[in-house]
Structure formats: structure tokens, C-alpha cells
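1. What follows is a predicted structure for the sequence shown.
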Amino acid sequence: MITTKEIYFDSTLKCRSGKRIPYWDITTTDDDIKDQDLRWFHEGYGFFRLYRLHKVDDVNFIAEDLYHVMRTGNENWDLYIEHPELLLAEG
């Protein structure tokens, strides 16, 4: 049986007035994910951002932004997409 999992991202909405409203952005996946997984998520136009997933329960996870962004054109893209822990080890 495939269980859909929800991943919550801490985000903010910027209003025209300049006010920022915090909210949880959500994505769903059928992938087999577990606590402390490192995952890349598409940010747009060839950019991906690295997150660490924290398990809340069997179907809910919170994504922690690790502040690493990678472009698909980067010379190390193939290595880092498969092994994101190497990027964290570099600093």
C-alpha cells in the first residue's frame, strides 16, 4: 500500500503593504522518506534547495532549510544530487 506523505515548509507571505505573514507551505509525495533524510526541492529555473526532513508522525514531515542552493548547470551537480551529504561536509 502506498501512503502519501506531506512535507511542511516554513514560509512567509509578503503582502503589498510590506507585512509578512508566516504560514506552512505543503507538498505531498509518495516517495519512501524517513527521519533526517536530505532532499533537494526544485525552487525554479534550474535551482534546487537542500532540506533535511524531520519526522512528525507516519505521514507528516517538516523540512528544515539547510541554506544550500544548487544550479543544475553546476559542474558538481551529478555528484551532489546523489550525495547531498558531501555538500554539507564541505561547509
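-> Received the coordinates, thanks. Numbering: from 1, shown residues only.
2. and the residue sitting furthest away from the middle of the chain, what are its phi and psi?
-> For the chain, the residue at maximal distance from the C-alpha centroid (C-alpha atoms, centre = their mean) is residue 17, at 28.5 Å. When read as degrees, to the nearest 10, the backbone of residue 17 gives phi -70, psi -10.
3. gap between the helix or strand encompassing residue 53 and the chain center?
-> Taking DSSP states H and E as the criterion, residue 53 maps to strand 47-55. Averaging C-alpha positions (C-alpha atoms, centre = their mean, to the nearest Å) puts strand 47-55 3 Å from its chain's average.
4. Check which element follows that strand along the chain.
-> strand 60-71.
5. if I look at residue 21, how far off is residue 13?
-> When C-beta to C-beta, to the nearest Å is the yardstick, residue 21 and residue 13 sit 5 Å from each other. Every residue, glycine included, has its C-beta placed from N, CA and C.
6. swap in residue 45?
-> On the measure of C-beta to C-beta, residue 45 and residue 13 end up 21 Å apart.
7. The two: which is more packed in?
-> Using other C-beta atoms under 10 Å as the criterion, residue 45 and residue 13 rank with residue 13 on top: 10 against 7.
8. Pull out the buried residues from the helix or strand containing the more buried one.
-> Following DSSP H and E, one finds residue 13 within strand 5-14. Under the neighbour-count criterion of 16 or more other C-beta atoms under 10 Å, strand 5-14 has 5, 7-9 buried.
9. Low-confidence ranges, the protein, go.
-> Along the chain, segments meeting pLDDT under 70 span 1, 91.
10. Now the spatially most central residue of the chain: closest residue in space that isn't a chain neighbour?
-> By C-alpha atoms, centre = their mean, the mean C-alpha position of the chain lies nearest to residue 51, the distance being 3.7 Å. In this structure, residue 51 finds its nearest non-sequential neighbour in residue 63, 4.0 Å apart by C-beta to C-beta, 6 or more residues apart in numbering.
11. so what's that neighbour bridging to?
-> residue 9, residue 53 (DSSP bridges).
12. No further questions, thank you.
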